[in-house]
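Novice: For reference, the sequence and a predicted model appear below.
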Amino acid sequence: MERLDPRTTHGTPDPLVAGGQDAFPGTPGGTFDPWRYREDAGVTGADLVGYKVEATDGSIGKVDRASHEVNSSYLVVDTGPWIFGKKVMIPAGTVNHVDHDERKVYVDRSKDQIKAAPEFDETADTDPAYRDKLGGYYGDTYSAIPPGTAR
(Lines give C-alpha, C1' and ligand atoms only; values in the text may rest on other atoms or scores of the structure.)
Protein backbone atom coordinates (compact mmCIF):
# COMPACT_ATOMS: atom_id res chain seq x y z
CA MET A 1 0.00 0.00 0.00
CA GLU A 2 1.36 3.38 -1.00
CA ARG A 3 1.72 6.05 1.67
CA LEU A 4 0.62 9.60 1.09
CA ASP A 5 3.14 12.37 1.66
CA PRO A 6 1.80 14.32 4.69
CA ARG A 7 3.40 17.53 3.37
CA THR A 8 1.30 17.41 0.20
CA THR A 9 -2.26 18.66 -0.01
CA HIS A 10 -4.50 15.90 -1.27
CA GLY A 11 -7.70 17.28 -2.74
CA THR A 12 -10.71 15.11 -3.03
CA PRO A 13 -12.08 14.61 -6.52
CA ASP A 14 -15.21 16.44 -7.52
CA PRO A 15 -18.05 14.16 -6.28
CA LEU A 16 -20.07 14.98 -9.39
CA VAL A 17 -17.40 13.98 -11.90
CA ALA A 18 -15.51 10.72 -12.08
CA GLY A 19 -14.06 9.56 -15.34
CA GLY A 20 -16.15 12.12 -17.22
CA GLN A 21 -19.46 10.77 -15.92
CA ASP A 22 -21.80 11.83 -13.15
CA ALA A 23 -20.82 10.08 -9.93
CA PHE A 24 -22.55 9.97 -6.59
CA PRO A 25 -21.55 8.27 -3.37
CA GLY A 26 -23.81 5.41 -2.40
CA THR A 27 -25.16 4.76 -5.87
CA PRO A 28 -24.34 1.56 -7.73
CA GLY A 29 -21.29 2.17 -9.89
CA GLY A 30 -21.24 5.79 -8.69
CA THR A 31 -23.65 6.95 -11.40
CA PHE A 32 -26.83 8.92 -10.82
CA ASP A 33 -29.92 6.75 -11.11
CA PRO A 34 -32.99 8.93 -10.66
CA TRP A 35 -35.28 6.02 -9.83
CA ARG A 36 -33.23 4.29 -7.12
CA TYR A 37 -32.56 5.43 -3.56
CA ARG A 38 -28.88 5.82 -2.74
CA GLU A 39 -27.51 2.98 -0.64
CA ASP A 40 -26.41 5.33 2.14
CA ALA A 41 -29.58 7.50 2.24
CA GLY A 42 -31.16 5.53 5.10
CA VAL A 43 -34.41 4.78 3.29
CA THR A 44 -34.46 0.97 3.20
CA GLY A 45 -37.84 -0.33 4.31
CA ALA A 46 -38.97 2.98 5.83
CA ASP A 47 -42.45 4.42 5.33
CA LEU A 48 -41.71 8.06 4.49
CA VAL A 49 -45.33 9.22 4.17
CA GLY A 50 -45.83 12.27 6.39
CA TYR A 51 -42.11 13.11 6.61
CA LYS A 52 -41.17 16.75 5.93
CA VAL A 53 -39.02 17.31 2.83
CA GLU A 54 -36.07 19.68 2.91
CA ALA A 55 -34.41 21.05 -0.22
CA THR A 56 -30.88 22.44 0.00
CA ASP A 57 -32.34 25.87 0.76
CA GLY A 58 -35.41 25.15 2.86
CA SER A 59 -38.60 23.18 3.38
CA ILE A 60 -40.77 22.24 0.39
CA GLY A 61 -43.58 20.24 1.99
CA LYS A 62 -44.50 16.76 3.19
CA VAL A 63 -44.34 13.33 1.59
CA ASP A 64 -47.80 12.42 0.36
CA ARG A 65 -46.78 9.16 -1.28
CA ALA A 66 -43.55 7.15 -1.43
CA SER A 67 -42.64 4.35 -3.78
CA HIS A 68 -40.05 1.66 -3.11
CA GLU A 69 -40.42 -0.18 -6.41
CA VAL A 70 -37.17 -1.55 -7.82
CA ASN A 71 -35.69 0.94 -10.33
CA SER A 72 -38.90 2.96 -10.14
CA SER A 73 -38.87 4.69 -6.72
CA TYR A 74 -40.01 8.24 -6.12
CA LEU A 75 -41.64 10.64 -3.66
CA VAL A 76 -44.78 12.66 -4.25
CA VAL A 77 -44.55 15.81 -2.14
CA ASP A 78 -47.50 18.01 -1.22
CA THR A 79 -45.99 21.50 -1.37
CA GLY A 80 -48.81 23.18 0.54
CA PRO A 81 -48.72 26.97 0.13
CA TRP A 82 -45.18 26.97 -1.30
CA ILE A 83 -46.37 26.22 -4.87
CA PHE A 84 -50.06 26.98 -4.32
CA GLY A 85 -50.94 23.54 -3.02
CA LYS A 86 -49.50 21.61 -5.96
CA LYS A 87 -47.77 18.28 -5.68
CA VAL A 88 -44.37 17.47 -7.13
CA MET A 89 -42.86 14.11 -7.99
CA ILE A 90 -39.24 13.75 -6.97
CA PRO A 91 -37.18 10.76 -8.14
CA ALA A 92 -35.66 8.68 -5.34
CA GLY A 93 -32.10 9.35 -6.53
CA THR A 94 -32.33 12.94 -5.31
CA VAL A 95 -32.78 11.81 -1.69
CA ASN A 96 -29.52 12.61 0.04
CA HIS A 97 -30.43 11.24 3.47
CA VAL A 98 -33.31 10.65 5.86
CA ASP A 99 -33.44 11.68 9.51
CA HIS A 100 -35.96 9.30 11.05
CA ASP A 101 -35.80 10.97 14.48
CA GLU A 102 -36.87 14.33 13.02
CA ARG A 103 -39.01 12.65 10.32
CA LYS A 104 -37.30 14.61 7.55
CA VAL A 105 -36.18 13.67 4.05
CA TYR A 106 -33.32 15.74 2.65
CA VAL A 107 -33.03 16.09 -1.13
CA ASP A 108 -30.00 17.51 -2.88
CA ARG A 109 -31.84 20.01 -5.04
CA SER A 110 -32.79 23.64 -4.45
CA LYS A 111 -36.35 24.89 -4.21
CA ASP A 112 -35.97 26.60 -7.60
CA GLN A 113 -34.79 23.38 -9.24
CA ILE A 114 -37.78 21.49 -7.84
CA LYS A 115 -40.20 24.27 -8.79
CA ALA A 116 -38.86 24.28 -12.38
CA ALA A 117 -39.26 20.49 -12.79
CA PRO A 118 -41.82 19.10 -15.24
CA GLU A 119 -45.29 19.51 -13.76
CA PHE A 120 -46.60 16.50 -11.86
CA ASP A 121 -49.58 14.75 -13.38
CA GLU A 122 -51.04 12.08 -11.11
CA THR A 123 -52.40 10.21 -14.13
CA ALA A 124 -48.98 10.08 -15.81
CA ASP A 125 -46.72 9.00 -12.92
CA THR A 126 -46.31 5.53 -14.46
CA ASP A 127 -46.12 6.80 -18.06
CA PRO A 128 -42.63 5.97 -19.45
CA ALA A 129 -42.45 9.23 -21.44
CA TYR A 130 -43.22 11.33 -18.36
CA ARG A 131 -40.76 9.36 -16.23
CA ASP A 132 -38.05 9.77 -18.90
CA LYS A 133 -38.70 13.52 -19.03
CA LEU A 134 -38.65 13.87 -15.23
CA GLY A 135 -35.61 11.59 -14.77
CA GLY A 136 -33.78 13.47 -17.52
CA TYR A 137 -34.57 16.81 -15.90
CA TYR A 138 -33.24 15.74 -12.51
CA GLY A 139 -30.19 14.10 -14.13
CA ASP A 140 -29.48 17.35 -15.99
CA THR A 141 -29.67 19.39 -12.78
CA TYR A 142 -26.39 17.76 -11.73
CA SER A 143 -24.56 19.11 -14.76
CA ALA A 144 -22.78 22.44 -14.90
CA ILE A 145 -25.13 23.62 -17.67
CA PRO A 146 -28.66 24.50 -16.55
CA PRO A 147 -31.35 22.11 -17.81
CA GLY A 148 -33.06 23.11 -21.02
CA THR A 149 -29.98 24.97 -22.27
CA ALA A 150 -28.38 24.04 -25.58
CA ARG A 151 -25.25 21.99 -25.18
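Specialist: Happy to help now that I have it. Computed from a prediction, not measured in an experiment: that's the story for all the values here. Residues are numbered from 1 along each chain as shown.
Novice: rest of the way, CA atoms for contacts and neighbours
Specialist: Noted.
Novice: Do a quick rundown of the strands in this protein.
Specialist: For the chain, applying DSSP state E gives strands covering 52-55, 58-66, 74-78, 87-91, 95-99, 104-107.
Novice: what comes up buried for the second one?
Specialist: Neighbour-count burial for strand 58-66, counted by 16 or more other Cα atoms under 10 Å, picks out Ser59, Ile60, Gly61, Lys62, Val63, Asp64, Arg65, Ala66.
Novice: how about TSV for the residues you listed, with pLDDT and distance to Ser73 added?
Specialist: Formatted as TSV, those follow (pLDDT from 0 to 100; distance: Cα to Cα, whole Å):
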residue	pLDDT	distance to Ser73
Ser59	95	21
Ile60	95	19
Gly61	95	18
Lys62	97	17
Val63	97	13
Asp64	96	14
Arg65	94	11
Ala66	94	7
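Novice: Who is Val88 paired with across the strands?
Specialist: Assessed by DSSP bridges, Val88 has beta-bridge partners Val77.
Novice: Give me the contacts around the helix or strand of the chain with the lowest mean pLDDT.
Specialist: Using mean pLDDT, DSSP states H and E, the weakest-scoring helix or strand in the chain turns out to be helix 128-140, at a mean of 91. Residues outside helix 128-140 that contact it (Cα atoms under 8 Å, 6 or more residues apart in numbering) are Phe32, Asp33, Pro34, Trp35, Pro91, Thr94, Ala117, Pro118, Ala124, Asp125, Pro146, Pro147.
Novice: which stretches of the chain aren't confidently modelled?
Specialist: Within the chain, the stretches with pLDDT under 70 are 1-30, 142-151.
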